[in-house]
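Asker: Here is a sequence together with a model predicted from it:
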Amino acid sequence: MPTPGIIGTRAKVPPERQPLQIALDWEKYFQEFLRHHGGNPILLMDEALEAPARWLFQDGWTYNANDYAGPEWPPPKDPDALNALIRHYWLSRLEIVARELRWIHERIEKLEMLQEVRSVPLQAKYSILSSMRNEDGRESFRMTTERGPVDFELLNARKKELEWDVQNCENHLEEQEGVSNV
């Protein structure tokens, strides 16, 4: 007969003596990393080194683009290399938001011209992405479709956000020119 408390017995361990179980939430860690390093990363590919794709942040930090667990890399210590990387970030970001701004501007113009020759408001399908957190903190997403009149107010609000974003990128690039002639 086994002795109580010896390994191999079925004696119950009091809750305060049970080992602590912890599961790291790398998705949440990445969300915090995003928040801490300015969000809005751009994809940085290094085909020459065949390194994994990385997300580049505005402060020069990079993060593995394929895995929430990372790794992450600090910015270069060399000031010229850091300035070149940050300039690359802002040039790339400017290209992305300027392209979206041109697209939405053209889209609004076309929809307004089309609305002028219609007797009732244009109707549209809207795909809406919603997110929810379950009991253990994981985020899940659901896509739904709604129908209704074209929301010109929403489109113009997005256009204003993009105009601000373009100006912000240009301001950062002007600051970079003052820091270095890279």
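Answerer: On my side now, so go ahead.
Asker: So in this protein, where's the weakest helix or strand by average pLDDT?
Answerer: strand 123-133 (a mean of 83; mean pLDDT, DSSP states H and E).
Asker: Against which helices or strands is it packed?
Answerer: On a contact count with 3 or more Cβ pairs under 8 Å, 6 or more residues apart in numbering; DSSP states H and E, strand 123-133 meets strand 139-149. Quick note: C-beta positions are derived from backbone N, CA and C, even for glycine.
Asker: which strands and helices sit next to the strand it packs on?
Answerer: Counting by 3+ Cβ pairs under 8 Å, 6+ apart, strand 139-149 packs on strand 123-133.
Asker: Tell me which residues are up against the strand it packs on.
Answerer: 139-151 (Cβ atoms under 8 Å, 6 or more residues apart in numbering).
Asker: Could you tell me how many residues sit around residue 55?
Answerer: Number of residues near residue 55 (other Cβ atoms under 10 Å) recorded here: 20.
Asker: and whichever strand or helix holds it, how far out from the chain's middle?
Answerer: Residue 55 is located in strand 54-56, with elements delineated by DSSP states H and E. Distance of strand 54-56 from the chain centroid (Cα atoms, centre = their mean, to the nearest Å) equals 11 Å.
Asker: following it, which helix or strand shows up next?
Answerer: Following strand 54-56 in sequence, per DSSP H and E, is strand 62-64.
Asker: Who are the contact partners of the residue nearest the centre of the chain?
Answerer: Centroid-nearest residue in the chain, with Cα atoms, centre = their mean: residue 40, separated by 5.1 Å. Residue 40 makes contacts with 58, 93, as judged by Cβ under 8 Å, 6+ apart.
Asker: ok, now how distant is it from residue 83?
Answerer: Noted for residue 40: a distance of 19 Å to residue 83, by Cβ to Cβ, to the nearest Å.
Asker: swap in residue 125?
Answerer: 45 Å.
Asker: More neighbours: which of the two?
Answerer: Each of residue 125 and residue 83 has its neighbours counted (other Cβ under 10 Å); residue 83 has more, 18 against 8.
Asker: hmm, back to that, can you list the contacts of strand 123-133 in a markdown table and add distance to residue 27?
Answerer: As requested, the contacts of strand 123-133 are exported to a markdown table (distance: Cβ to Cβ, whole Å):
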| residue | distance to residue 27 |
| --- | --- |
| 139 | 7 |
| 140 | 11 |
| 141 | 12 |
| 142 | 17 |
| 143 | 19 |
| 144 | 22 |
| 145 | 26 |
| 146 | 28 |
| 147 | 33 |
| 148 | 33 |
| 149 | 37 |
| 150 | 35 |
| 151 | 31 |
